[in-house]
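*Asks:* sequence isn't available, so here's the structure alone:
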């Protein structure tokens, strides 16, 4: 089976989001240990990691069913951008583009 562009973009966006979430978790943990009280950043980073896993799941689904995979990726991109206050911006744009491509290719 050939690799589709929506799968590649979705996997790239999910991986970038996961990496950003992990780095944010580490930095937020270090800052909270120093007692600067940034526990919200730790919670936000966990949410970003969960949304990244959802985006990766959507990318995997797009290999079998473009419609469902595209919907899941668009949902993850919008949710990630709305919840993470812009930290998820790059990943969200890539995943949104992958979701739109999957949806357009489904109805083509």
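*Replies:* Perfect, I can see it now. This structure is a prediction, so every number in the text was calculated from the model and none was measured.
*Asks:* quick one, what contacts the residue lying closest to residue 18 once chain neighbours are set aside?
*Replies:* Nearest residue to residue 18, sequence neighbours excluded (Cβ to Cβ, 6 or more residues apart in numbering): residue 52, at 4.0 Å. Every residue, glycine included, has its C-beta placed from N, CA and C. By Cβ atoms under 8 Å, 6 or more residues apart in numbering, the contact list for residue 52 reads 14, 15, 17, 18, 20, 21, 76, 80, 91.
*Asks:* what score does residue 52 have for pLDDT?
*Replies:* With respect to pLDDT, residue 52 scores 94.
*Asks:* next: the one 3 residues further on.
*Replies:* The pLDDT attached to residue 55 in the predicted structure is 95.
*Asks:* one more: the one 5 residues further on?
*Replies:* The predicted local confidence for residue 60 comes out at a pLDDT of 93.
*Asks:* so which strand or helix has it?
*Replies:* helix 39-64 (DSSP states H and E).
*Asks:* for the record, mean pLDDT for the longest helix along the chain?
*Replies:* Longest helix of the chain, by residue count under DSSP state H: helix 5-33. The average of the pLDDT scores along helix 5-33 is 88.
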